[in-house]
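Visitor: My questions are about this predicted structure, shown below with the sequence.
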Amino acid sequence: MVSFIHGLICIVVCSYLVLTTPAECGLLVSQPEYMIMTMSAGYFTYDFFSMMYFGLLDVDMTVHHILCVLGLSVTLH
C-alpha cells in the first residue's frame, strides 16, 4: 500500500509539473520537485529497511535502493 501511495503521488505531481512548468536545463529545483525528491528518498529508505526486516531483500534490490537513495541525495544537495 505504501508503494502504491508513493507511486500515485509521484505520478500526479510529476504529470502536473510536466504539463504546467517550462522545462529548461539548468533551472533551480522548484518546491514541488524538491518535495517529490525528498519524499522518494524517504520512501526508498523506508522500503529498504522494510524489505530487510521481512527478509525480502536480495542483491539486486539492495543495489537498486542504495543507488536511488544516493542519486536523490546528490540531487537534493
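Guide: Okay, I see it.
Visitor: Might you report the residue contacts of the spatially most central residue of the chain?
Guide: Among the residues of the chain, S40 comes closest to the average C-alpha position under CA atoms, centre = their mean, at 2.5 Å. By CB atoms under 8 Å, 6 or more residues apart in numbering, the residues touching S40 are H6, C10, C68, L72. Where you see a C-beta, it was placed from the backbone N, CA and C, and this is true even at glycine.
Visitor: Give the burial count for the second one, as a bare number.
Guide: The reference is to C10. Taking other CB atoms under 10 Å as the criterion, the count of residues near C10 is 15.
Visitor: same question, the third one
Guide: A count of neighbours around C68, defined by other CB under 10 Å, yields 17.
Visitor: okay, it: pLDDT?
Guide: At C68, the predicted lDDT confidence score is 94.
Visitor: and it, backbone torsions?
Guide: Backbone dihedrals for C68, given as degrees, to the nearest 10, come out at phi -60, psi -50.
Visitor: where's it relative to T21, distance?
Guide: The span separating C68 from T21 equals 23 Å under the rule CB to CB, to the nearest Å.
Visitor: do the last one as well
Guide: As defined by CB to CB, L72 lies at a distance of 20 Å from T21.
Visitor: out of these two, which sits in the busier spot?
Guide: Under the neighbour definition other CB under 10 Å, L72 and T21 were set side by side, and L72 has more, 20 against 12.
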